[in-house]
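> Dropping a prediction and its sequence here:
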Amino acid sequence: MNMPPKGLPKTEHVDVLIVGAGISGVGAAFHLTKQCPEKSFVVLEGLESFGGTWLMHKYPGIRSDSDLYTFGYRFKPWVGAPIASAQEILKYMGEVIQENDLARSIRYRHHIATASWSSKDNLWTIEGTRSDTHEPVRFTCNFLWMCQGYYRHSQGYTPQWEGMDTFKGRIVHPQTWPEDLDYKGKKIVVIGSGATTATVVPAIAADCEHVTVLQRSPTYFIPGRNENELADMLRQLQIPETWIHEIVRRKVLLEQDMLTRRSLEEPEAVKQELLAGVAAFLPKEEVEKNFTPTYRPWRQRIAFVPDGDLFKGITAGKASVVTDEIVRFTPKGILLKSGRELEADIIVTATGFNLSVLGDIDFSVDGKPVDFSRTVNYRGMMFTGVPNMLWVFGYFRASWTLRVDLLGDFVCRLFKHMQSKGARRVEVALRPEDKDMPLLPWMDPENFNPGYLMRSMHLLPKRGDKPEWQHTQDYWREKDVFPLINLDGAEFVYDGKGVATAGSAAKRKVAA
């Protein structure tokens, strides 16, 4: 549990406090500046600069696995290759900050420990510490906009295998990649088969003696050229970049929607198409053995492989894939269930991350600790019993930033609605028609089941069986539904009116 800092720091008040200066926080600040310029706000960021994931991750080759025409903001055209490096994304975000004068509102190295709501004062009180000076900090705000991301930056997830302490080489997690790691001429084993592996392996393969990808089971990949032919053609026609961005964005979204829906309606056909894409680079035997998953497409995220660089390393003999299970680590490497021992100088555990539920901040409402697992989540963005707070959680099957823009519109519309009503507080509550609604895990494991989500599902809020009480993961529906949300609907409670009945019902349901 976080401990609030000692001392009595000066309290600073703002209308809105945004937590995090990553892709979500910068987007939130932009929308607030443009749509609600009368609102005062501050962005608190724990790291030394903006960027979040793209600043914190330092492993070789780090790049997006979403195309930047949809991962980029809708309001700023993307003009580079669809798959971008971390440095290119940081440059893009820096331009957004500079062009919209957001830097003056961002405070770096501010670590938040506690967030306390007072219904008496209709205020959040935020307490934390500056990591550069170790001074305590204290803010109050009317509204809390949580844009902190969804995993713990300080440490990635590494399973504990028997014998790890006997390994004579070095064990590294990509999330905390050491600056002094020398992998040239070394034998490397990368454990894992997701997007991080698909990024690291081609970035280091040429310099290593050999890289072995060790996976328990295969995953799906989409190889393709790192370019957008439509965008390039439109540029030749001298179409304005704002038009190009919107046209290409809509085309990409249409194609993603089709792939997502076909994955559910005709999974075997989609599976064969994905495998055919890999087979264009690798022999049939290799595809069948190491690149044919047992699950249907899109139950886990599909990694894009620009220009097939991962597969080119395999055909060149610089990389290989082994599908097997780990028995234990040995002084020389890893002993597998098949009896084979993989020798290594360095073992990279690309095994995922630890989910962070709202930044691991200790929340309380009127002096009572908030257990988010006992709340119900409204459309993946608000929580029953937690006033004046919105949570940004993006999409798994579409770019995260799409939801940043949608929620930016929603929050600003909500602010204006509250002003017109003269309301100072808003929260969500189960309606009378939700009385017998079953409460389920936050995400249906049959729909999407990556390890990091399954490991932490017990910490997340509940969902109902109605769209209002789910994060549907359906951008293509939400983009039409969100602008039409009735802010006077029975699920919205302003200034506590009706909250006692609805809130108690919600608590009883979750407890059951």
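Received it, and whenever you're ready, just let me know what you need. Residues are numbered from 1 along each chain as shown.

> could you show me where the strands are in the stretch 101-250 of the chain, in order?
For the stretch 101-250 of the chain, the strands defined by DSSP state E, counting those that start in this stretch occupy 106-107, 110-118, 123-130, 136-146, 151-156, 170-172, 187-191, 210-215, 221-224.

> Same list (the ones you listed) but as JSON lines, adding mean neighbour count, mean pLDDT and distance to V26.
C-beta: built from backbone N, CA, C; applies to glycine. Shown next, in JSON lines, are those (neighbours: other C-beta atoms under 10 Å; pLDDT from 0 to 100; distance: least, C-beta to C-beta, whole Å):
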{"stretch": "strand 106-107", "mean neighbour count": "16", "mean pLDDT": "98", "distance to V26": "8"}
{"stretch": "strand 110-118", "mean neighbour count": "21", "mean pLDDT": "97", "distance to V26": "15"}
{"stretch": "strand 123-130", "mean neighbour count": "21", "mean pLDDT": "97", "distance to V26": "19"}
{"stretch": "strand 136-146", "mean neighbour count": "22", "mean pLDDT": "98", "distance to V26": "12"}
{"stretch": "strand 151-156", "mean neighbour count": "17", "mean pLDDT": "78", "distance to V26": "17"}
{"stretch": "strand 170-172", "mean neighbour count": "18", "mean pLDDT": "97", "distance to V26": "29"}
{"stretch": "strand 187-191", "mean neighbour count": "23", "mean pLDDT": "97", "distance to V26": "31"}
{"stretch": "strand 210-215", "mean neighbour count": "23", "mean pLDDT": "96", "distance to V26": "34"}
{"stretch": "strand 221-224", "mean neighbour count": "19", "mean pLDDT": "91", "distance to V26": "28"}
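
> and of those strands, who's closest to V370?
Nearest to V370 among the strands of the stretch 101-250 of the chain is strand 110-118; the distance by C-beta to C-beta comes to 8.5 Å.

> Once you drop chain neighbours, what's closest to I302?
Distances taken as C-beta to C-beta, 6 or more residues apart in numbering place Y220 nearest to I302, at 4.6 Å, with adjacent residues excluded.

> Could you pull up the residues touching that neighbour?
If you count contacts by C-beta atoms under 8 Å, 6 or more residues apart in numbering, Y220 has them with 271, 274, 293, 297, 300, 302-303.

> how about a cut-off of 6 Å?
274, 293, 297, 302 (C-beta atoms under 6 Å, 6 or more residues apart in numbering).

> Which one of those is nearest to M382?
The closest of the contacts of Y220 to M382 turns out to be I302 (C-beta to C-beta; 29.6 Å).

> Next, that closest one: phi, psi?
Per-residue torsions, I302: phi -100, psi 120 (degrees, to the nearest 10).

> What distance do you get for the residue nearest to I302 to S66?
15 Å (C-beta to C-beta, to the nearest Å).

> Over to D488?
Per C-beta to C-beta, D488 is found 35 Å from S66.

> May I ask you to confirm that V16 belongs to a strand?
Yes. Assessed by DSSP: H, G, I helix; E, B strand; the rest coil, V16 belongs to a strand.

> pretty sure it is touching S40, no?
No. Shown here, V16 and S40 do not form a contact pair, counting by C-beta atoms under 6 Å, at 7.4 Å.

> Who has more neighbours out of these two?
A side-by-side neighbour count of V16 and S40, using other C-beta atoms under 10 Å, places V16 first with 23 against 14.

> give me the number of residues near the spatially closest residue to the more buried one that is not a sequence neighbour?
Excluding its sequence neighbours, the residue lying closest to V16 (C-beta to C-beta, 6+ apart) is F41, at 4.1 Å. Residues within reach of F41, counting by other C-beta under 10 Å, total 19.

> how far away is F41 from W442?
Taking C-beta to C-beta, one finds F41 at 28 Å from W442.

> swap in I239?
Taking C-beta to C-beta, one finds I239 at 42 Å from W442.

> Per-residue confidence, the residue nearest to R463 when sequence neighbours are not counted, what does it come out as?
Closest residue to R463 apart from its sequence neighbours, by C-beta to C-beta, 6+ apart: Q470 at 4.7 Å. Per-residue pLDDT puts Q470 at 94.

> Also the one 10 residues further on?
In this prediction, D480 carries a pLDDT score of 96.

> Run through the residues that contact G308.
Here G308 is in contact with 223, 281 (C-beta under 6 Å, 6+ apart).

> residues touching F281, list them.
Taking C-beta under 6 Å, 6+ apart, we find F281 in contact with 308, 311.

> Report the beta-bridge partner residues of G224.
Judged by DSSP bridges, the bridge partners of G224 are P306.

> Could you report the separation of it from Q256?
13 Å.

> would you put the C-alpha positions of the particular helix or strand that has G94 in it in CSV?
Here G94, judged by DSSP states H and E, is contained in helix 86-99. Below are the C-alpha coordinates for helix 86-99, written out as CSV (Å, rounded to 0.1, in the frame of the first residue of the first chain):
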residue,chain,number,x,y,z
ALA,A,86,9.3,5.0,-30.1
GLN,A,87,11.4,8.1,-31.0
GLU,A,88,9.0,8.9,-33.9
ILE,A,89,6.0,8.6,-31.6
LEU,A,90,7.7,10.8,-28.9
LYS,A,91,8.4,13.4,-31.6
TYR,A,92,4.8,13.4,-32.7
MET,A,93,3.6,13.8,-29.1
GLY,A,94,6.1,16.5,-28.5
GLU,A,95,4.7,18.5,-31.4
VAL,A,96,1.1,18.1,-30.0
ILE,A,97,2.4,19.5,-26.7
GLN,A,98,4.3,22.4,-28.3
GLU,A,99,1.6,23.3,-30.8
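
> how about that helix: buried residues?
Under the neighbour-count criterion of 16 or more other C-beta atoms under 10 Å, helix 86-99 has 86, 88-90, 92-93, 96-97 buried.

> Sweet, I'm off.
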